[in-house]
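>>> Predicted model and sequence below, questions to follow.
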Amino acid sequence: MTTPTAAQKAPPPTFSSYVRARGPMLLRTARSLTSNPSDAEDLLQTALTKTYLAWDRIEDHRALDGYVRRALINTRTSQWRKRRVDEYAMEELPEPDRRPDTDPAEQQAVRDAMWRAIVKLPDRQRAMVVLRYYEDLSEASTAELLGVSVGTVKSAVSRALAKLRDDEQLIDILRGAAPTAAAPAQHAMAA
């Protein structure tokens with residue numbers, strides 16, 4: 001003879017049978033939380049994964065729908081908090097503007113001319129130009145490194161750049177070089 005409590009207690013469903021039976025309803029819930037059907041499927045998959053991992057710890061299998069709904073909501077809330085960058089569909093991918101190809105020989109000629117002009121400078125001015133424009137140090141760092149005042153660095157670099165601007169060989173090379181090949185040397189001279 002069976003007792004009334006034993007007859008009322010049914011075995012808990014398996015995870016697979018639960019998903020087969022309740023999957024469509026849970027997907028509708030996920031779709032109500034997202035605007036994209038693909039995101040809803042991903043959301044449901046994540047929530048079901050969390051449910052599967054906790055399946056043996058869930059004591060009341062009659063409350064599974066509530067457990068999965070809470071997992072859906074918590075997962076979606078975590079996604080909102082992370083706020084990934086929005087993606088926008090475009091007809092064409094934006095491509096960076098292609099610069100005209102520069103001739104490596106022209107680039108090397110400009111570099112060589114620049115170094116020849118720098119080598120002509122007095123040692124102190126050459127050191128200051130190299131530290132300021134090739135090592136990209138500040139005036140204060142250059143002054144500290146060389147043991148001089150910032151004003152000395154400013155005036156010496158100014159005189160050195162004036163000499164570079166007047167260097168005939170450098171001017172000739174820069175006039176004949178492609179615009180992008182001459183840009184680094186012109187930047188240093190313009191400063």
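Done, it's in.

>>> State the mean pLDDT of whatever helix or strand Leu174 lives in.
Counting by DSSP states H and E, the element that carries Leu174 is helix 168-176. Regarding helix 168-176, the rounded mean pLDDT is 84.

>>> Go through that helix and flag the buried ones.
Within helix 168-176, the residues that qualify as buried are 170, 173-174, counting by 16 or more other Cβ atoms under 10 Å. Every C-beta, even on glycine, is put in place using the N, C-alpha and C of the backbone.

>>> could you show me where the helices are in this protein, in order?
4-8, 15-33, 37-53, 64-82, 104-119, 123-129, 139-146, 150-165, 168-176, 179-190 (DSSP state H).

>>> Switch those over to TSV; also include distance to Pro96.
Output for the helices of the chain, formatted as TSV (distance: least, Cβ to Cβ, whole Å):
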stretch	distance to Pro96
helix 4-8	70
helix 15-33	38
helix 37-53	30
helix 64-82	29
helix 104-119	20
helix 123-129	32
helix 139-146	33
helix 150-165	32
helix 168-176	26
helix 179-190	14
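
>>> Minimum distance to Leu93: which of those has it?
helix 37-53 (21.3 Å; Cβ to Cβ).

>>> Would you mind writing the CA trace of that closest one as CSV?
Only the C-alpha atoms of helix 37-53 are listed here, as CSV (Å, rounded to 0.1, in the frame of the first residue of the first chain):
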residue,chain,number,x,y,z
PRO,A,37,16.0,37.8,-31.9
SER,A,38,19.6,36.6,-32.2
ASP,A,39,20.5,38.4,-28.9
ALA,A,40,17.5,36.8,-27.3
GLU,A,41,18.7,33.3,-28.3
ASP,A,42,22.1,34.1,-26.9
LEU,A,43,20.6,35.4,-23.7
LEU,A,44,18.5,32.3,-23.3
GLN,A,45,21.5,30.0,-24.0
THR,A,46,23.5,31.8,-21.3
ALA,A,47,20.6,31.6,-18.8
LEU,A,48,20.1,27.9,-19.5
THR,A,49,23.8,27.3,-19.1
LYS,A,50,23.7,28.9,-15.6
THR,A,51,20.6,26.8,-14.8
TYR,A,52,22.3,23.6,-16.0
LEU,A,53,25.3,24.3,-13.8
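
>>> So which elements touch it?
Where contact means 3 or more Cβ pairs under 8 Å, 6 or more residues apart in numbering; DSSP states H and E, helix 37-53 is packed against helix 15-33, helix 64-82.

>>> tell me the mean pLDDT for the first one?
For helix 15-33, mean pLDDT rounds to 90.

>>> So which bits of that helix are buried?
Buried residues in helix 15-33, counted by 16+ other Cβ under 10 Å: 18-19, 22, 26, 29-31, 33.
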